[in-house]
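**Q** Below is the sequence, then the predicted model.
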Amino acid sequence: DTAVSQTPKYLVTQMGNDKSIKCEQNLGHDTMYWYKQDSKKFLKIMFSYNNKELIINETVPNRFSPKSPDKAHLNLHINSLELGDSAVYFCASSPTQLGAGNTIYFGEGSWLTVV
Amino acid sequence: GENVEQHPSTLSVQEGDSAVIKCTYSDSASNYFPWYKQELGKRPQLIIDIRSNVGEKKDQRIAVTLNKTAKHFSLHITETQPEDSAVYFCAASWGANNLFFGTGTRLTVIP
C-alpha cells in the first residue's frame, strides 16, 4: 500500500494549458504539503495545509491553486502553464507536530514538462 | 520562512572514507532537523533526525550533530559505500506544519 500517492507520475503539456496533480495519503496525517524540485534539485516548499486549512504559502504565483477537500487529499491545479513550471512536484504528508521519527513522507513525485 | 544553507554542493570520497555535510539555519525557533537521502529518480527519504534538545545522535554509520548556539548541524557518514551515493538534504522546522530544505549535496562514493 502506497502511503502518499500522487497522479499523474509524468505529464507533458503545452504552454498556456491548465493541469492538475492529485495527491492522497493513507497515513492519517493532519498536514499535507506540496514541494517543487527544479533541475538543480532544490526542494522548495510551496504550500502546507493542516486539516484542510492553508498554513504556508511560500510566495507561489497565484496560477498555482491548491485544494484540500479533506485532510487526506491535497490537489494542485496550475493555470496558464509556463516553461519555468517544468519541475518535479512532490506531495508529502506528516503529523502536525514534527520530531523524533514524526517526519514528512513524500509521494513518488510528478514530473511536469511544459513545452 | 526559514533559510537553510548547505555545503558542499558536491562531495566525492573514496569508498571506506568518511563524508561530512554541513548546514546552517537562520531561525532560532527551529527545533527539528532531519536529513533526507534522495537516490536518482526517487523520492527523498528520511535517514536520521534530531531535535534541538539533543546535541548528537547516531545510527550505525550515520551520525548527526547539532550546535544550537551557532545554528548549525552536520551529517557524518563513516565507512562510506557505493550505495551511499545520492543527493543528501538537510532540513529545519519550527516543529509543526513546515519543513524547509537545504540546497542539497551530491555525494559520490568512488569504489
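**A** Looks like it arrived, so ask away. Numbers count the residues shown, from 1 in each chain, chains lettered A, B, ... in the order given.

**Q** buried set for the host helix or strand of residue A:21?
**A** Under the criterion of DSSP states H and E, residue A:21 resides in strand A:19-25. Judged by neighbour count using 16 or more other C-beta atoms under 10 Å in any protein chain shown, the buried positions of strand A:19-25 are A:19, A:21-25. C-betas here are computed from N, CA, C, even on glycine.

**Q** Could you do stretch A:61-71 as well?
**A** Across stretch A:61-71, burial judged by 16+ other C-beta under 10 Å covers A:64, A:66, A:68, A:71.

**Q** before we move on, what about stretch A:26-39?
**A** Quick answer for stretch A:26-39 (16+ other C-beta under 10 Å): A:29-37.

**Q** CSV for those, including secondary structure and pLDDT?
**A** Formatted as CSV, those follow (DSSP: H, G, I helix; E, B strand; the rest coil; pLDDT from 0 to 100):
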residue, secondary structure, pLDDT
A:29, coil, 94
A:30, coil, 93
A:31, strand, 94
A:32, strand, 95
A:33, strand, 95
A:34, strand, 96
A:35, strand, 96
A:36, strand, 96
A:37, strand, 96
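
**Q** For chain B, tell me which of the residues you listed show up nearby.
**A** A:31, A:33, A:35 (C-beta under 8 Å from any C-beta of the partner chain).

**Q** Pull up the per-residue confidence for residue A:1.
**A** Listed pLDDT for residue A:1 reads 59.

**Q** Any idea how far stretch A:84-94 is from the middle of the chain?
**A** 5 Å (C-alpha atoms, centre = their mean, to the nearest Å).

**Q** give me the number of residues near residue 86?
**A** Because you didn't say which chain, this covers chain A. Using other C-beta atoms under 10 Å in any protein chain shown, residue A:86 has 17 neighbouring residues.

**Q** Correction: the question concerned chain B.
**A** With other C-beta under 10 Å as criterion, residue B:86 counts 21.
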